[in-house]
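Enquirer: coords please:
(chains A and B)
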2 protein chains.
Amino acid sequence: MIDPDRHLNIGSLIFDGIDQIDLTGPFEVLARVPNSTYRLYSRDGGMIRDLKGLRISPDAAIADAPQLDVLHIPGGFGQEALMEDETVLSWIRAQAAGAHSVFSVCTGALVCGAAGLLKGRRATTHWASFHLLPYFGAIPVDERVVIDGDWVFAAGVTAGIDGALRLVAELRGDAAAQAIQLYMVYAPEPPFDAGTPASAPPEIYEAMRDSVAAVTAQREATAKRVQARLGLG
Amino acid sequence: MIDPDRHLNIGSLIFDGIDQIDLTGPFEVLARVPNSTYRLYSRDGGMIRDLKGLRISPDAAIADAPQLDVLHIPGGFGQEALMEDETVLSWIRAQAAGAHSVFSVCTGALVCGAAGLLKGRRATTHWASFHLLPYFGAIPVDERVVIDGDWVFAAGVTAGIDGALRLVAELRGDAAAQAIQLYMVYAPEPPFDAGTPASAPPEIYEAMRDSVAAVTAQREATAKRVQARLGLG
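Expert: Just a heads-up that it's a prediction; the model follows:
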């Protein structure tokens, strides 16, 4: 836990092609952390569209963010465009260096990897990109939420809700996280046991894997270039 | 199930003071329904802010919406401003009359009630407003998701994810819902058993109940006026 009297600046990076629930799941939690300010930042301060078209406006451009205490990096197919964007990567590096905690959701982990921040770190990401983590020097851990020191990694998509609640428990204690969980009425009842590759009907898993194969291949090519750039090859 | 070849127009009403995850949880599901178009509508077509400040832009004003096949009404404290807004209520009534399904999340049920659409209907809403359902002629059912004919009601906040997946199973079959659930990696692991009044630590529940007491009292006063207007008193 952090001193409850210490005000926390919490910020999320948002970008075109984000998977909106990587942001909005954690938003519901992070916006309710006691004694904190929570803001959204995009590269240039402009509105972004999620990969299905949800239009979200940030509070400011990344250049106008204060040093954050908690840095949240969501994922989504649009993460590819950030992987070699030095303006964004150097902002992430500088913020992470001064932050108390970094919180990666889904393929946000790949962006953190491209910033060179995953070397030797236990990490997770979406199942379709899990095999890419070693390119960034990370140690893949196949759990829904992975906590490595002051880093919290949530696996795919809705895992961001679980990860955000774990993060709040780390920052402000269990009672603060439980109060937010009650507010959110987070007592999920998934209608099917189909949320992971292992539990989904095999034909549904195979169709989903095939449908993202081209994106996964592109991500792998990018990961290899990053690996070379970081001298990890 | 609906004929898979029938294209579905799906729409969500958004408004100032919405609880964003009442929208964005279902968004992740509804944006992926096979053979459908999904759009967001606000009263006047302008950007809205959720109750914690998330800024979301709609696709159009409600007056520009086509007849929807699926109408989604989220909740949040801002629902109060809609309870006696005849422009919005008559739009909801007209859409519901022509829709195949209506999907209410959280205190969106109160707005549907104010539109006179809950008479004799089995329904649910957020636990803090559950006792208000009879003012609208509804039959309260204390379940996370309640299906009454072509209506789907999700209880509080994150229940909208479960409700949306149930809705998709109704509309497009179990396999379609399972594929979306796998995409979303929706295999939740809540860190605490604190998501309902019954499971949360009592002192956390009592503090939360007290913190929303003023809003609940206001909602009750509004519900009584609606009851009189609808001739249900």
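
Enquirer: so which residue is smack in the middle of chain A?
Expert: Nearest to the mean C-alpha position of chain A, counting by C-alpha atoms, centre = their mean, stands A:Val105 at 2.2 Å.

Enquirer: what's next to the longest helix anywhere in chain A, contact-wise?
Expert: In chain A, taking DSSP state H as the definition, the longest helix is helix A:213-229. Helix A:213-229 has contacts (C-beta atoms under 8 Å, 6 or more residues apart in numbering or on different chains) with A:77, A:80, A:83-84, A:107, A:110, A:113-114, A:128-129, A:132, A:135-136, A:233. Any C-beta I mention is one placed from the backbone N, CA and C, and that applies to glycine too.

Enquirer: what do you get if the cut-off is 6 Å, keeping everything else the same?
Expert: The contact list for helix A:213-229 (C-beta atoms under 6 Å, 6 or more residues apart in numbering or on different chains) reads A:Phe77, A:Met83, A:Ala114, A:Ala128, A:Ser129, A:Leu132, A:Tyr135, A:Gly233.

Enquirer: for chain B, state which of these is nearest.
Expert: For those, the closest approach to chain B (C-beta to the nearest C-beta) belongs to A:Ala128, at 9.6 Å.

Enquirer: and the gap between the closest one and A:Pro201?
Expert: Computed as C-beta to C-beta, to the nearest Å, the A:Ala128 to A:Pro201 distance reads 17 Å.

Enquirer: and these two? Which one has more around it.
Expert: The residue with more neighbours, out of A:Ala128 and A:Pro201, is A:Ala128; 21 against 16, by other C-beta atoms under 10 Å in any protein chain shown.

Enquirer: OK, contacts around the more buried one?
Expert: A:Val212, A:Thr216.

Enquirer: dihedrals phi and psi, it?
Expert: As for A:Ala128, its main-chain torsions (degrees, to the nearest 10) stand at phi -70, psi -20.

Enquirer: check A:Ser211 too.
Expert: phi -70, psi -20.

Enquirer: so how many other residues sit close to it?
Expert: Neighbour tally, A:Ser211, other C-beta under 10 Å: 12.

Enquirer: ok, A:Asp64 next?
Expert: Burial of A:Asp64 is recorded as 11 neighbouring residues (other C-beta under 10 Å).

Enquirer: grab the nearest non-local neighbour of it.
Expert: Leaving aside its sequence neighbours, A:Asp64 sits nearest to A:Gly45 (C-beta to C-beta, 6 or more residues apart in numbering or on different chains; 7.2 Å).

Enquirer: distance check, A:Thr24 against chain B.
Expert: Applying C-beta to the nearest C-beta, to the nearest Å, the value for A:Thr24 to chain B is 4 Å.

Enquirer: was I right about that residue contacting B:Leu23?
Expert: No. Judged on C-beta atoms under 6 Å, A:Thr24 makes no contact with B:Leu23 at a distance of 8.3 Å.

Enquirer: compare these two (neighbour count), which wins?
Expert: For A:Thr24 versus B:Leu23, neighbours defined as other C-beta under 10 Å are more numerous around B:Leu23 (30 against 27).

Enquirer: B:Gly75 is in contact with that one, correct?
Expert: No. B:Leu23 lies out of contact with B:Gly75 (C-beta under 6 Å); the separation is 9.5 Å.

Enquirer: please report phi then psi for the residue nearest to the centre of chain A.
Expert: According to degrees, to the nearest 10, A:Val105 has phi -120, psi 130.

Enquirer: does the residue nearest to it when sequence neighbours are not counted fall in a helix, a strand, or a coil region?
Expert: Spatially, and ignoring its direct neighbours in sequence, A:Val105 is nearest to A:Gly160 (3.9 Å; C-beta to C-beta, 6+ apart). Following DSSP: H, G, I helix; E, B strand; the rest coil, A:Gly160 is assigned to helix.

Enquirer: list the buried residues of stretch A:162-178.
Expert: For stretch A:162-178, the neighbour count (16 or more other C-beta atoms under 10 Å in any protein chain shown) marks A:162-172, A:174-178 as buried.

Enquirer: can you tell me how far A:Ala123 is from chain B?
Expert: Counting by C-beta to the nearest C-beta, the gap from A:Ala123 to chain B is 16 Å.

Enquirer: pull the number of nearby residues for the closest residue to that residue other than its chain neighbours.
Expert: Nearest residue to A:Ala123, sequence neighbours excluded (C-beta to C-beta, 6+ apart): A:Ala138, at 4.2 Å. Residues contacting A:Ala138 under the criterion other C-beta under 10 Å number 26.

Enquirer: quick one, strands of chain A?
Expert: Along chain A, the stretches classed as strands by DSSP state E are A:8-14, A:36-42, A:48-49, A:55-57, A:60-61, A:70-73, A:101-105, A:122-123, A:139-140, A:145-148, A:151-154.

Enquirer: same list (the ones you listed) but as CSV, adding mean pLDDT.
Expert: CSV is the format used below for the strands of chain A (pLDDT from 0 to 100):
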stretch, mean pLDDT
strand A:8-14, 98
strand A:36-42, 98
strand A:48-49, 98
strand A:55-57, 98
strand A:60-61, 98
strand A:70-73, 98
strand A:101-105, 98
strand A:122-123, 98
strand A:139-140, 98
strand A:145-148, 98
strand A:151-154, 98
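
Enquirer: next, format those as TSV and append distance to A:Tyr205.
Expert: Output for the strands of chain A, formatted as TSV (distance: least, C-beta to C-beta, whole Å):
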stretch	distance to A:Tyr205
strand A:8-14	30
strand A:36-42	33
strand A:48-49	28
strand A:55-57	30
strand A:60-61	40
strand A:70-73	27
strand A:101-105	22
strand A:122-123	23
strand A:139-140	19
strand A:145-148	22
strand A:151-154	20
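
Enquirer: next up, phi/psi of A:Glu189, please.
Expert: Per-residue torsions, A:Glu189: phi -130, psi 80 (degrees, to the nearest 10).

Enquirer: touching, it and B:Asp162? I think so.
Expert: Yes. Applying C-beta under 6 Å, one finds A:Glu189 in contact with B:Asp162, separated by 5.0 Å.

Enquirer: joint contacts of these two?
Expert: Common contact partners of A:Glu189 and B:Asp162 (C-beta under 6 Å, 6+ apart): B:Arg144.

Enquirer: show me what A:Phe153 is bridged to.
Expert: Here A:Phe153 sits in beta bridges with A:Ser104, A:Val146, going by DSSP bridges.
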